[in-house]
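Participant: Structure of the sequence below:
(one chain, ligands or ions: 2)
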Amino acid sequence: MKIDRLDVKLLRLPLAQFFETSFGRSYEKSFLLIRLEGEGHVGWGESVAEGHPYYSSETTETTWHIITEFLAQRVVGKTFEHPREIFPAMARVRGNNMAKAGIEMAAWDLYARILGKPLSAVLGGTRDRIASGVSIGIQDSLDQLVAKVDKELAAGYRRIKIKIKPGWDLNAVEAVRAKFPDILLMVDANAAYSPADGAHLAKLDPYKLMMIEQPLDYDDVMDHVQLQKEIATPICLDESIHTVRIARDAIAAKACKIINIKPGRVGGHAESIRLHDLCQANGIPVWHGGMLESGIGRAHNIHLASLPNFTLPGDIAASKRYFVPDLIEPGIEVAADGTIPVPTAPGIGVNIVEERVQAATGRQMSLDVTNIKSH
Ligand code: OSB
Ligand code: MG
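Facilitator: Ligands and ions are numbered 1, 2, ... in the order given. Next up, the predicted model:
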């Protein structure tokens, strides 16, 4: 597979509903799309870094910089036998996994389209539908939270995740559990607590949560080991798992019982498969996280979530919860049983509405062998 051209586009889309986590409230999503051309085909990827460095140290501007100045030259004009060669080809650049993933995932889409196969078949997926859950942000009132949970359960979603932070934790879980005693329920703290909060977080134990996601710092492993000894709720790591190696160490140290896989956070599909396989070999269930992706990134996530060890419902929901309209037509829909079919057309298998992509694009750059940087 020879890659002839890389286009990078910086988009901004208003969110259909605001989304609040422990690190703040968002009303819109900024992100990069990467379009690769080669062998007469086109592949698309989405880089999930946001406009701010509050979830991850990467932002849309850092991913733009890293892709245009340092990564494009490592793939444009080059030939690869398989997309698993893309991540290693970018290894000289340290970190910056969201920038790398945008390119790497576009290369998988391109490769699958060249073969005429759905991406899931190329990734090693084994199921034709994935189980879907929702991530519900911090609300203005507990009544509003309970009403949103009610609405999402009625839509069929199989598990509810609510965002928590100090001051919006026990009360929020109590309010939801009082009305819905038996649903699959979990919480995500996005690193809002400190190691001294063990006794406080142990008060969540009676609510039978599936897990608490990322209670402590974004780069911590060992404080989570201690916290897991103090609480019964299983710990799931999100932010802390930047690489497969950190996951290996976190599992060995018993810092978590579950891992959330986001391909953007670990550098793309190939690293996600390695992480998935590592977890499977160690009896650690995984689920697919979300980063408020457009339909392009979401389609990638659906294909990846068709791998066998994604045994828990993920944060992959219908387009209309995020963007109206989405960049794809039709948008992603969730069936009444809370599942999403894995697309069967070649590549990511969704129709990208290029006029909508262009309308949301604020800046773009097209790189081929005549104008790539080389340093
Ligand atoms: O921590 O999982 C997270 C969104 C942006 C950044 C971080 C997270 C999230 C979500 C939303 O929880 C998941 C989704 O896309 O629905
Ligand atoms: Mg999370």
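
Participant: does the residue of the stretch 1-150 of the chain found nearest ligand 1 count as helix, strand or coil?
Facilitator: Nearest to ligand 1 in the stretch 1-150 of the chain, going by C-beta to the nearest ligand atom, is residue 135, at a distance of 3.6 Å. Quick note: C-beta positions are derived from backbone N, CA and C, even for glycine. Under DSSP: H, G, I helix; E, B strand; the rest coil, the three-state class of residue 135 is strand.

Participant: same check, this time on residue 186
Facilitator: Using three-state DSSP, the structure places residue 186 in strand.

Participant: Does it touch residue 210 like I think?
Facilitator: Yes - applying C-beta atoms under 8 Å as the test, residue 186 and residue 210 come out as touching, 4.3 Å apart.

Participant: excluding its backbone neighbours, what's nearest the residue of the chain at minimum distance from ligand 1?
Facilitator: Distances between the chain and ligand 1 by C-beta to the nearest ligand atom are smallest at residue 290, namely 2.4 Å. What sits nearest to residue 290 in space, not counting adjacent residues and going by C-beta to C-beta, 6 or more residues apart in numbering, is residue 315, at 3.5 Å.

Participant: ok, and the residue of the chain closest to ligand 1, which helix or strand is that part of?
Facilitator: Element membership for residue 290, per DSSP states H and E: none, as it lies in no helix or strand.

Participant: Now do the same contact list for it.
Facilitator: Contacts for residue 290 (C-beta atoms under 8 Å, 6 or more residues apart in numbering) come out as 135, 262, 298, 301, 314, 315, 316, 317.

Participant: How many residues are close by the first one?
Facilitator: Translated: residue 135. Residue 135 is flanked by 23 other residues according to other C-beta atoms under 10 Å.

Participant: Just the pLDDT for it.
Facilitator: Listed pLDDT for residue 135 reads 98.

Participant: if we can go back for a sec, contact partners for the residue nearest to residue 290?
Facilitator: Applying C-beta under 8 Å, 6+ apart to residue 315 gives the contacts 133, 134, 135, 161, 260, 287, 288, 289, 290.

Participant: helix/strand/coil for the fifth one?
Facilitator: Residue 260 carries the three-state label strand when classified by three-state DSSP.

Participant: Enumerate every residue touching it.
Facilitator: Counting by C-beta under 8 Å, 6+ apart, the residues that residue 260 touches are 213, 236, 237, 238, 241, 286, 287, 288, 289, 315.

Participant: Pull out whichever of those are also neighbours of ligand 2.
Facilitator: Residues of these in contact with ligand 2 (C-beta under 5 Å from the ion): 213, 238.

Participant: Now, of the contacts of residue 260, which are buried?
Facilitator: The neighbour-count test (16 or more other C-beta atoms under 10 Å) marks 213, 236, 237, 238, 241, 286, 287, 288, 289, 315 as buried among the contacts of residue 260.

Participant: For residue 148, grab the count of nearby residues.
Facilitator: Residue 148, neighbours per other C-beta under 10 Å, totals 18.

Participant: Thought residue 138 was touching it, still the case?
Facilitator: No - with contact defined as C-beta under 8 Å, residue 148 does not count as touching residue 138 (10.8 Å).

Participant: Sticking with residue 148, tell me its helix or strand.
Facilitator: Taking DSSP H and E as the definition, residue 148 sits inside helix 142-154.

Participant: Which other helices and strands does that helix contact?
Facilitator: Using 3 or more C-beta pairs under 8 Å, 6 or more residues apart in numbering; DSSP states H and E, the elements in contact with helix 142-154 are strand 134-136, strand 160-163, helix 170-179.

Participant: what's the angle between the last one and helix 142-154?
Facilitator: Using axes from the mean of the first three to the mean of the last three C-alpha atoms, to 10 degrees, the direction of helix 170-179 lies 50 degrees away from that of helix 142-154.

Participant: Show me where the stretch 1-150 of the chain has its strands.
Facilitator: 5-21, 24-38, 41-47, 129-131, 134-136 (DSSP state E, counting those that start in this stretch).

Participant: can you list the domain ranges for the chain.
Facilitator: Domain assignment for the chain by automatic domain parsing gives 5-116+358-368, 121-341.

Participant: Redo those as a markdown table? Include distance to residue 374.
Facilitator: Output for the domains of the chain, formatted as a markdown table (distance: least, C-beta to C-beta, whole Å):
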| stretch | distance to residue 374 |
| --- | --- |
| domain 5-116+358-368 | 5 |
| domain 121-341 | 22 |
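
Participant: who are the neighbours in contact with residue 83?
Facilitator: By C-beta under 8 Å, 6+ apart, the residues touching residue 83 are 1, 104, 107, 108, 110, 111, 269, 270.

Participant: Fine, thanks again, bye for now.
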